[in-house]
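Enquirer: Quick one, structure for this:
(chains A and B)
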Number of protein chains: 2
Amino acid sequence: MKADAIELGEWKSSAKRGGLNRGVSILDFILRIVAFLGTVGSAIGMATTNETLPFVTQFVRFRAEYNDLPMFTFFVIANSIVSAYLLLSLPLSIFHILRSSAERSRILFIFLDTAMLGLLTAGASAAASIVYLAHKGNAKANWFAICRQFNSFCERTSGSLIGSFLGVVAFILLILLSAVALSRR
Amino acid sequence: MKADAIELGEWKSSAKRGGLNRGVSILDFILRIVAFLGTVGSAIGMATTNETLPFVTQFVRFRAEYNDLPMFTFFVIANSIVSAYLLLSLPLSIFHILRSSAERSRILFIFLDTAMLGLLTAGASAAASIVYLAHKGNAKANWFAICRQFNSFCERTSGSLIGSFLGVVAFILLILLSAVALSRR
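Expert: Residues are numbered from 1 along each chain as shown, chains lettered A, B, ... in the order given. I've put the predicted structure just below:
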């Protein structure tokens, strides 16, 4: 009778843990979708940016595209890779909702998420520093603020950064959630 | 007798796990020292960079310092914060070597390490994109390659990046190690 009660207690406690882990896994799934939407929006927003100024000289047609600047190209590539990874990780995230005691796949997630966090942060930060230069220029290095000419180009590139930084925050939370789930097994 | 054997087996298995966790904790400690040296070297290397060209005009003395460019200032600040964090985390890392079953402090470590990874990557990446611009310039935006004038300034700033990226790799490994230690409790 006493042994039964203890077993029941253990079962209840493990069911409670399972429930908590299920909640964590569902939050993980939602965060992955949010991060996917942010990064895919950033990649598309940046990749489709171009502006042609409404005047030409004899030799030059003033036109700005994202791939004029290698950091913007890197930004698009980094965001594309990360959003593809997030899409591919969704099935495993669903598997975690169904089997909350999985261990090795969670460690794999922490490692891959960390690597993707690094890639995404690098891309977003490199693009942000160029956006800053384009807005403010730099008098000491004689770099001009090109935003005075290319207004809508600058606005689009600045806006594209938002989704990427949203993805960075989502990844930090994802890693924390995985760590919590791993400790509650 | 049988129960004794089982208990002994459990004790052995838990001792084995403790030993593995101790190894992981020692590796964690070493990686933290490596990352600390890398980031503190980067911060000092960048902060002490300046170059004065050996000619003056009537109005201008050509002089380049790290704080002429806000991204380099951010790089120095980010590296200083991260190296201070690494120094402060060493006592807790030693505590993990002594008590290998600690759980909450490991989750705290994963969270803080992830945040610091983000900060360090952002600083290193922003500085790297400016170093790239300084070396290559950008014809479309009319930004000139200032490295043609400021040779030693460029070399110092490029070299300063190395320690920072070493720190990024160390942080990714640190997070992985914490996750492994957390799962083997």
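
Enquirer: OK, contacts around A:Thr114?
Expert: Listed by Cβ atoms under 8 Å, 6 or more residues apart in numbering or on different chains, the contact set of A:Thr114 reads A:Ile175, B:Thr114, B:Leu117, B:Ile172, B:Ile175, B:Leu176. The C-beta positions use only the backbone N, C-alpha and C, and glycine is treated the same way.

Enquirer: can you list contacts of the longest strand belonging to chain A?
Expert: Longest strand in chain A, counting residues (DSSP state E): strand A:50-56. With Cβ under 8 Å, 6+ apart as the test, strand A:50-56 has contacts from A:Arg61, A:Phe62, A:Arg63, A:Ala64, A:Glu65, A:Tyr66, A:Gln149, A:Phe150, A:Asn151, A:Ser152, A:Phe153.

Enquirer: partners of it, with directions?
Expert: Sheet pairing here is set by DSSP bridges, and for strand A:50-56 it gives strand A:61-65 (antiparallel).

Enquirer: Let's see the pLDDT reported for the residue nearest the centre of chain A.
Expert: Nearest residue to the geometric centre of chain A (Cα atoms, centre = their mean): A:Gly167, 2.7 Å. Listed pLDDT for A:Gly167 reads 95.

Enquirer: so it is in which element?
Expert: A:Gly167 belongs to helix A:151-183 when assigned by DSSP states H and E.

Enquirer: Which elements pack onto that helix?
Expert: Helix A:151-183 makes packing contacts with helix A:2-47, strand A:50-56, helix A:70-98, helix A:104-136, helix B:104-136, helix B:151-183 when contacts are defined by 3 or more Cβ pairs under 8 Å, 6 or more residues apart in numbering or on different chains; DSSP states H and E.

Enquirer: a markdown table please, covering those and showing distance to B:Thr39.
Expert: Formatted as a markdown table, the helices and strands packed on helix A:151-183 follow (distance: least, Cβ to Cβ, whole Å):
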| stretch | distance to B:Thr39 |
| --- | --- |
| helix A:2-47 | 27 |
| strand A:50-56 | 39 |
| helix A:70-98 | 23 |
| helix A:104-136 | 15 |
| helix B:104-136 | 7 |
| helix B:151-183 | 5 |
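
Enquirer: right, so of those, which gets closest to B:Phe144?
Expert: Of all the helices and strands packed on helix A:151-183, helix B:104-136 sits nearest to B:Phe144, with 9.3 Å by Cβ to Cβ.

Enquirer: now the angle from the closest one to helix B:70-98?
Expert: 150 degrees (axes from the mean of the first three to the mean of the last three Cα atoms, to 10 degrees).

Enquirer: Can you name the residues that contact the closest residue to A:Leu37 other than its chain neighbours?
Expert: Leaving aside its sequence neighbours, A:Leu37 sits nearest to A:Gly163 (Cβ to Cβ, 6 or more residues apart in numbering or on different chains; 7.5 Å). A:Gly163 is in contact with A:Leu37, A:Gly38, A:Thr39, A:Val40, A:Gly41, A:Ser42, A:Gly45, A:Asn79, counting by Cβ under 8 Å, 6+ apart.

Enquirer: Burial check on A:Ser160, number of neighbours?
Expert: Using other Cβ atoms under 10 Å in any protein chain shown, the number of residues around A:Ser160 comes to 26.

Enquirer: For A:Leu37, see how far away it is.
Expert: Using Cβ to Cβ, to the nearest Å, we find A:Ser160 at a distance of 13 Å from A:Leu37.

Enquirer: ok, the closest residue in space to A:Ile33 that isn't next to it in sequence - contacts?
Expert: The shortest distance from A:Ile33 to any non-neighbouring residue, by Cβ to Cβ, 6+ apart, is to A:Leu90 (7.5 Å). Residues near A:Leu90 by Cβ under 8 Å, 6+ apart: A:Phe29, A:Arg32, A:Ile33, A:Phe36.

Enquirer: which of those residues tops the neighbour count?
Expert: In terms of neighbours by other Cβ under 10 Å, these top out with A:Arg32 at 22 neighbours.

Enquirer: doesn't A:Ser93 make contact with that one?
Expert: Yes: using Cβ atoms under 8 Å, A:Arg32 is in contact with A:Ser93, at 5.6 Å.

Enquirer: can you list residues touching both of these two?
Expert: With contacts taken as Cβ under 8 Å, 6+ apart, A:Arg32 and A:Ser93 have no neighbour in common.

Enquirer: Go through the contacts of A:Gly163 and name the one nearest chain B.
Expert: A:Asn79 (13.8 Å; Cβ to the nearest Cβ).

Enquirer: can you count the residues close to that closest one?
Expert: 29.
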